[in-house]
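K.L.:
Sequence and predicted model, in that order:
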Amino acid sequence: MFRFLRHPMFRLPLFLAGAALIASLAACSDMPHQPSPDNKTQFVAGWAEHARPLLFHGIGRDGGYTIWQVPNILPRGTYRVIEVKRGPAGDTAELVDGYRFEVDGPEKDIYLNIMVNYSNLEALEEKYIVGLDGAPAK
């Protein structure tokens, strides 16, 4: 098919480029997750009762992203996306960096394109979050 690829002079650069790509991907996979400033926020007591799970909708068009659908039965308000971690000591949660949406009408379809490192995502209204921009939520 491509005769020039059979020549050893062209195989070595392709091999080196492939090896460099694999090495860089392996180095990135070991990087620890860096907490953002938003992860320092706290939640009002009873926040877990008001959090609503997001629906996994599938793989995104962009590599490294998944699509999550917001349930269309949420009441009007401004919401943040949180990742909930359940354990024997109780439920904990962290804000997902920069994901905020507003529900302004009933049965509105909202889809979020979120990075794949998050798995157990829920929507929580901002009034249950303390410490957004240094001020308590209203």
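P.N.:
The structure has been received and is ready for your questions. Numbering: from 1, shown residues only.

K.L.:
Tell me where the chain has strands.
P.N.:
Assigned by DSSP state E, the strands in the chain fall at 42-43, 52-53, 55-59, 65-70, 77-87, 90-103, 110-115, 121-125, 129-132, 135-136.

K.L.:
Most tightly packed of those strands?
P.N.:
strand 121-125 (a mean of 21; mean count of other CB atoms under 10 Å). Placement of C-beta: from N, CA and C, glycine included.

K.L.:
Residue 127: neighbour count?
P.N.:
As a burial measure, residue 127 scores 15 neighbours (other CB atoms under 10 Å).

K.L.:
Equivalent analysis for residue 74, please.
P.N.:
For residue 74, the count of nearby residues is 16 (other CB under 10 Å).

K.L.:
does it really touch residue 51, like I thought?
P.N.:
No. Using CB atoms under 8 Å, residue 74 is not in contact with residue 51; the gap is 10.8 Å.

K.L.:
any common contacting residues for these two?
P.N.:
Common neighbours of residue 74 and residue 51 are listed as residue 123 (criterion: CB atoms under 8 Å, 6 or more residues apart in numbering).

K.L.:
ok so, going back, just put the strands of the chain in JSON lines and tack on mean pLDDT.
P.N.:
Converted to JSON lines, the strands of the chain look like this (pLDDT from 0 to 100):
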{"stretch": "strand 42-43", "mean pLDDT": "85"}
{"stretch": "strand 52-53", "mean pLDDT": "94"}
{"stretch": "strand 55-59", "mean pLDDT": "92"}
{"stretch": "strand 65-70", "mean pLDDT": "94"}
{"stretch": "strand 77-87", "mean pLDDT": "91"}
{"stretch": "strand 90-103", "mean pLDDT": "88"}
{"stretch": "strand 110-115", "mean pLDDT": "92"}
{"stretch": "strand 121-125", "mean pLDDT": "94"}
{"stretch": "strand 129-132", "mean pLDDT": "82"}
{"stretch": "strand 135-136", "mean pLDDT": "46"}
